[in-house]
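S.K.: sharing a model that was predicted from the sequence below.
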There are 2 protein chains.
Amino acid sequence: MSFPLIRKLENYVQLAEAEKRSLLQADMLVRDVDARLDIVREHQEIEGATLLLEGFACRYKLLPDGRRQILGYMIPGDMCDPRIFLLDRMDHAIATLSRAKIAVWPRKAVLGLTSIYPRITRAFWWCALVDEGITREWLVSLGQRTALERLSHLVCELYFRLRAIDLVRGNSFDFPVTQAELGDTLGLSAVHVNRTLQDMRRERLVRLMGRRLTVLNLDALRTIAMFDPNYLHLNAKSGHSRVSSEREKKAE
Amino acid sequence: MSFPLIRKLENYVQLAEAEKRSLLQADMLVRDVDARLDIVREHQEIEGATLLLEGFACRYKLLPDGRRQILGYMIPGDMCDPRIFLLDRMDHAIATLSRAKIAVWPRKAVLGLTSIYPRITRAFWWCALVDEGITREWLVSLGQRTALERLSHLVCELYFRLRAIDLVRGNSFDFPVTQAELGDTLGLSAVHVNRTLQDMRRERLVRLMGRRLTVLNLDALRTIAMFDPNYLHLNAKSGHSRVSSEREKKAE
DNA sequence: CGACTATTTGATAGGACTCAACCTCCGTGG
DNA sequence: CCACGGAGGTTGAGTCCTATCAAATAGTCG
C-alpha cells in the first residue's frame, strides 16, 4: 500500500524494520480519485497529510484571469504536505493528473509516528527539502532554458524520480500528462509543446504514445537539458548510487 | 544588530523578552562583505547559519554555459539556510547584490538556542515556508506573467517584504540591483528589462534612480501583477494586519 | 457511432532577444 | 581638476522563438 513511500524514504534514510512496519500499518484512509480533480484546495485548512499512493498529481496556482502554472509533479510516495507540523493553510492547490489512489493520514497519527521515530521525521524533512530543490530547478528551467531544454529536463527529472521508486520499466514509464498540461508546466503553449515534442521524436530522444513515455537517448537528453541530478538528493544516505551510473539496460 | 531578524520573526510568532534577548546576544561572527561576492557556494558544506544583517543578497544557480537564474532575493533578517538542522550541502549559491553585513552563526549555537526556545524553532520553520512560497510565486511569474507583470510583481513583493521589516521610507526603498541582475531574476534580457522599466516610469508606476526605488502607484502595480500578498504569510500570528490595507501614506 | 478530448498542422503575429553603438555616471589617478 | 576607463543604462535595427487563431485529424469512451 504505502510501499512507494517507503521506497522513497529509503533513498534518504535507512529505515529499521519496525519503522517500515508502522508505516505500512499506519492508520490511513485510502481513497480512489478520478483524474483532474482537486485533492487539496488553496486556502484549505490542513487536517492531515495526504499521501499519493498511485497515479500522478500536481501542485498548481491559478491567476485570477485563468492562467495556470503547475508548480511540480507528484508521483507515488509523495506527500502533499510534509509540513503539516506547522502550516495552517495551503497557498496553492493540488490536483490529480491521472486516476489516483490517495491516503489521508490524520494529523494525530502522523505526529504520533514521528514522535516515536525521529528517523521518519528526518526523512519527511528530507522530502520537503527535495521538493524545494525541484522547485528551484524548475525556476531555472522557466527562466533560462528553451522549450526543447525544458522538456528534456522534465523528462530527465521524471525518469530519475520514477526510477528511484521502481516505476521505470526498461526505459519507459507511465506519463498521463496532456500536452496542454505540459504547457502549463513549462510556461509554453500547448501548440509549441506539440511541435517541440515532434522535434524530440524526430531526433529519437523520446517516444511518447498512449500515455507512456520511453526514453530513447538519456545521455542526449541530459546534455541538451544540462541536467544535473544532484538537486534530487537521491542516494543521499542509502549508498546504492543508482543515480550516478549513466548506462542503463535498454530492454522494454 | 540582529534587529531585522527579530522584526521578521515577530511577523510569524510572538517572541518573549528572553527570546529576543538571546537572539540579540547570540554568539555570531559579524562580517562586512562587498557587493557581488559569494557568501555561500554551491556544494559547500554547511557549518552554520548565515544571517543577512544589512544589504541585499540573492540565491542563484548557474548553468554550465554561463546562463544564470536568480532564485530569490534576500533582505536583512533573512537566513541563508534555516534548515541547517539536516541539510548537508547547498544545491545553489548565494551572493551579495550590494555591500552587506552578514553574521555567521555556528551550528552549535543555533541548535542550542532552538532547543531552549521551541518558539524560535517554529519561527525559523516559518521562514523556510515563506521562502518556499516565494519561490513558487516566482515560478508563476516566469511561467505565466509577461515582462511588465513580472517586474510589477517583483516590486510589489519587495515592497511588502521590506515594509515588514521597516525598510520602506515613505514609498521608497533601497534597490541596489542592476538591470542585468533583474534580467537574470525575471528570465528576461537586460535590454528588455530596460524597456519595460521605461514603460513603467512613463506610466508613473515607479521611479527608479540612484539605487532607490519609489512606488508611485501601488494599486496599479498590484492590479497589473495580479499580486496577492497571501503567499508571504505576513501578519500570520502577530495580528497587526499591515498587509491587508491598500491605502498608504504617500510622504517620501 | 457519436461526442468529447487530445493531438496535429498551417498561417500569422508579437513579445523578447541579439548585436552593436552610444551615452551617462563615477571613481581613480595623473 | 580634469582625463581616462569601466560599469551600467539607453537606443535602434533586425531576427527568432513562441504565442495565437483556426481548422483538421486522431483517439477514447459510453
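M.R.: The structure has been received and is ready for your questions.

S.K.: okay, and the residue of the stretch 51-200 of chain A found nearest DNA strand D sits in which element?
M.R.: Relative to DNA strand D, the nearest point of the stretch 51-200 of chain A is A:His192 (3.0 Å; C-beta to the nearest atom of the strand). All C-beta spots, glycine's among them, are computed from the backbone N, C-alpha and C. Element membership for A:His192 (DSSP states H and E) is helix A:190-202.

S.K.: report how many residues lie close to the closest residue to chain B within the stretch 151-252 of chain A.
M.R.: Closest contact between the stretch 151-252 of chain A and chain B, by C-beta to the nearest C-beta, is at A:Gly187 (3.4 Å). Per other C-beta atoms under 10 Å in any protein chain shown, the neighbour tally for A:Gly187 reads 23.

S.K.: pretty sure A:Met200 is touching A:Leu148, no?
M.R.: Yes - with contact defined as C-beta atoms under 8 Å, A:Met200 reaches A:Leu148; the gap is 7.1 Å.

S.K.: more neighbours, those two?
M.R.: A:Met200 (22 against 17).

S.K.: that one and B:Arg119, how far apart?
M.R.: Using C-beta to C-beta, to the nearest Å, A:Met200 is found at 51 Å from B:Arg119.

S.K.: same check, this time on A:Tyr12
M.R.: 28 Å.

S.K.: the two: which has the busier surroundings?
M.R.: A:Tyr12 (23 against 16).

S.K.: can I assume the more buried one is in contact with A:His233?
M.R.: Yes - at 7.3 Å, A:Tyr12 and A:His233 qualify as touching, with contact defined as C-beta under 8 Å.

S.K.: spatially nearest residue to the residue of the stretch 51-200 of chain A closest to DNA strand D, not counting backbone neighbours?
M.R.: A:Ala147 (5.9 Å; C-beta to C-beta, 6 or more residues apart in numbering or on different chains).

S.K.: tell me the confidence at the one you found?
M.R.: What the model reports for A:Ala147 is a pLDDT of 98.

S.K.: next: A:Pro76.
M.R.: pLDDT, read off for A:Pro76, is 97.

S.K.: ok, now the one 10 residues further on?
M.R.: What the model reports as pLDDT for A:Leu86 is 65.

S.K.: same deal with A:Lys108?
M.R.: 88.

S.K.: for the one 10 residues further on, same thing?
M.R.: At A:Pro118, the pLDDT value in this model is 90.

S.K.: tally up the residues packed near it, please.
M.R.: Neighbour tally, A:Pro118, other C-beta under 10 Å: 10.

S.K.: got the phi and psi for it?
M.R.: Torsion angles at A:Pro118 (phi, psi; degrees, to the nearest 10) stand at phi -60, psi -30.

S.K.: so A:Glu204: helix, strand or coil?
M.R.: For the record, residue A:204 is Arg, not Glu. coil (DSSP: H, G, I helix; E, B strand; the rest coil).

S.K.: what's the local residue count around it?
M.R.: Look at A:Arg204: counted by other C-beta under 10 Å, it has 10 neighbours.

S.K.: on that earlier part again, verify the stated contact: the residue nearest to A:His192 with A:Leu186.
M.R.: Yes - in this structure, A:Ala147 is within contact of A:Leu186 by C-beta under 8 Å, at 7.1 Å.

S.K.: identify the contacts common to those two.
M.R.: Common neighbours of A:Ala147 and A:Leu186, counting by C-beta atoms under 8 Å, 6 or more residues apart in numbering or on different chains, are A:Val193.

S.K.: the more surrounded of these two?
M.R.: A:Leu186 (24 against 17).

S.K.: from B:Leu213, how far out is the closest residue to that one other than its chain neighbours?
M.R.: In space, and not counting its chain neighbours, A:Leu186 is closest to A:Arg150: 4.5 Å by C-beta to C-beta, 6+ apart. Per C-beta to C-beta, A:Arg150 is found 31 Å from B:Leu213.
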